[in-house]
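With the input below, show me the fold.
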Amino acid sequence: MVITDVEAIPVEIGLKPLEEDHGLAPYIMGRLEYLESARRVIVKLTTSEGITGWGETAVVHSPSITKSIIETVVADIVVGEPVWKFETLHEYYGSHYIDSSVFLSGVEMAMWDAFGKHNDCPLHQLLGGKQTNRVDFSYCYAINTIEKSTERMRDVRDAGFDVVKTKVGGYGADTAPDDFAYERSIDSDVERLIAMYDAVDGEVELRADANQSWTVSDTTRIAARLEDAGVYLGYIEQPIRTDNVGSYKRLRQRLRTPIAVNEDLYHPGNFYELVREDAIDVGVIDMIPVGGIVPMKKMASLAEEADVSLAHHCGFDLGVKTAAMLHAISTTPAIDLHSDTTYYALEDHIIEDPFEFEDGSLSVPSAPGLGVTIDEEKLDTIRTDE
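Predicted structure coming up:
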């Protein structure tokens, strides 16, 4: 069974407003940005046996650029090749001077989906077998007022989630709505995190994601003040810029709060250096920027050897990647922490039977391939090439 065609379909789905149940829009991030919709690219892969595989990836630069690269550069590599040539595919594509793995990841995901359907088995069986029937998730929440943040913490606890990850460090976003423009300060972050923790009496683990917006000094002072207040975060994620192994090593030596990285894991070489220098406690891994499930599994093996805990990152996934995450996480013991999700905030869905959370967890699909069915009529209504 060979691959005969690859189509990239840019789509956009709105996020539920903050006022609605589990709504997130506008989602204020730590890099002075905010989001009101999820923009993704869905990959449709067809084979010589008439089997269709589906994948999902991020938008890079623009939907049209992402679509063009997938349908030309990546398609030239895979069309005419067997659908199961995962390792060879990564070897070939990895030889390019420019790392464009994100364009490959959605295609690799679609290959796994088609291969699973061809063998009439769920993806987790192809990946070695699941070790759990359900995967636990961390509830992701953006920057907001103390009042709204504490209210959401109580709602999240009542919904059965054990972990919340919130953005920090992005106050004063120039592009944000007027009522979201706060004064950026260390005090603002500390006060809000303490209030969120106290709102649920510490019953829900709290994580802070700074998206590289803090300095080493900021991180040290914030963590010390939180520890003095009796607030021990699950971890602080990517507080300072990437490619900064020495500073991460010093932070880990100085703080009791675990230090995690995310954006550094988009580059396997960075992760290797951080592990070699014993500079982090946690890695927040993501199959999309690293090129797919195969390279993600390789990075997970390194983490397991180094005794570094892992969680899986999300990116306003639309259900296809969510399914891939469930299969991959359930078959990867190194991913031993709650992984991220914003799936509950989507206004609409592209899969026919949307996932439903139960006490903060999702069930691993059992149907062949990724185990989800795409609503192709819905794709036509939400696609965008701009």
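
nearest spatial neighbour of I259, skipping sequence neighbours?
Closest residue to I259 in three dimensions, ignoring its sequence neighbours and counting by CB to CB, 6 or more residues apart in numbering: R252, at 4.9 Å. For every residue, glycine as well, the C-beta is placed using N, CA and C.

Can you tell me how far that neighbour is from N262?
Here R252 is placed at a distance of 16 Å from N262 (CB to CB, to the nearest Å).

Which one of the two is surrounded by more residues?
Between R252 and N262, counted using other CB atoms under 10 Å, N262 has the larger neighbour count: 21 against 18.

Please enumerate the strands of the protein.
With strands called from DSSP state E, the chain shows them at 3-14, 27-28, 34-35, 37-47, 52-58, 134-141, 163-167, 205-209, 236-237, 259-261, 282-285, 309-312, 339-341, 361-363.

same for the helix or strand of the chain with the lowest mean pLDDT, what does it pack against?
Ranking every helix and strand in the chain by mean pLDDT, DSSP states H and E puts helix 86-93 at the bottom, with a mean of 72. Under the contact criterion of 3 or more CB pairs under 8 Å, 6 or more residues apart in numbering; DSSP states H and E, helix 86-93 touches helix 75-78, helix 101-118, helix 293-306.

So which of the ones you listed is nearest P354?
Nearest to P354 among these is helix 101-118; the distance by CB to CB comes to 17.5 Å.

And for the residue lying closest to V73 once chain neighbours are set aside, the neighbour number?
Nearest non-adjacent residue to V73, counting by CB to CB, 6+ apart: F103, 7.0 Å away. The local packing of F103 (other CB under 10 Å) involves 24 other residues.

one step back: just the pLDDT for the residue nearest to I259.
Here, the pLDDT recorded for R252 equals 96.

Quickly list the domain ranges of the protein.
3-125+375-382, 128-363 (automatic domain parsing).

Dump these into JSON lines; add distance to G369 as well.
Converted to JSON lines, these look like this (distance: least, CB to CB, whole Å):
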{"stretch": "domain 3-125+375-382", "distance to G369": "3"}
{"stretch": "domain 128-363", "distance to G369": "9"}
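
which residues of the stretch 1-150 of the chain score low on pLDDT?
For the stretch 1-150 of the chain, applying pLDDT under 70 flags the ranges 30-32, 92-99.

Can you tell me how far the closest residue in space to G360 that isn't next to it in sequence is from I3?
Nearest non-adjacent residue to G360, counting by CB to CB, 6+ apart: F161, 3.7 Å away. Distance of F161 to I3, computed by CB to CB: 39 Å.

one step back: for A279, which of the helices and strands packed on helix 86-93 is the nearest?
Taking CB to CB, helix 293-306 is the member of the helices and strands packed on helix 86-93 nearest to A279, at 10.6 Å.

Does anything pack onto that closest one? Which helices or strands?
Judged by 3+ CB pairs under 8 Å, 6+ apart, the packing partners of helix 293-306 are helix 86-93, helix 101-118, helix 268-276, strand 282-285, helix 287-290, strand 309-312, helix 320-330.
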